[in-house]
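Visitor: below is the structure, and that's it, no one-letter string:
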């Protein structure tokens, strides 16, 4: 069974990333070549989203 976020948790995540400083802080971390993550808890389960900078070399 996969845990899903409840309505209040979805609102918290949305508010933190869109209306709060969360997205700006994480964007700044990625610009400094640092990873970032967001963890939420639901029914005893832990859900973590992680992002890390990746350098891509493209040649055409």
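Guide: Okay, I see it. Values in this document were obtained by computation on a predicted structure and should not be read as measured data. Residues are numbered from 1 along each chain as shown.
Visitor: quick one: pLDDT of the residue positioned nearest the centre of the chain?
Guide: For the chain, residue 38 is the residue whose C-alpha lies nearest the centre (CA atoms, centre = their mean; 4.2 Å). Predicted confidence (pLDDT) for residue 38: 78.
Visitor: in the sheet, who's paired with it?
Guide: Applying DSSP bridges to residue 38 yields these beta-bridge partners: residue 49.
Visitor: hmm, it is touching residue 25, no?
Guide: No. If you go by CB atoms under 8 Å, residue 38 and residue 25 don't touch, sitting 10.7 Å apart. Just so you know, the C-beta spots here come from the backbone N, C-alpha and C atoms, and that holds for glycine as well.
Visitor: re earlier: quick check: the residue nearest to the centre of the chain vs residue 20, distance?
Guide: Per CB to CB, to the nearest Å, residue 38 is found 11 Å from residue 20.
Visitor: for the residue nearest to the centre of the chain, give me its contacts.
Guide: 13, 16-17, 22, 26, 48-49 (CB atoms under 8 Å, 6 or more residues apart in numbering).
Visitor: can you redo those residues as a markdown table with secondary structure, distance to residue 56 and neighbour count?
Guide: Formatted as a markdown table, those follow (DSSP: H, G, I helix; E, B strand; the rest coil; distance: CB to CB, whole Å; neighbours: other CB atoms under 10 Å):
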| residue | secondary structure | distance to residue 56 | neighbour count |
| --- | --- | --- | --- |
| 13 | helix | 27 | 16 |
| 16 | helix | 28 | 16 |
| 17 | helix | 24 | 15 |
| 22 | helix | 25 | 15 |
| 26 | helix | 19 | 18 |
| 48 | strand | 24 | 9 |
| 49 | strand | 21 | 11 |
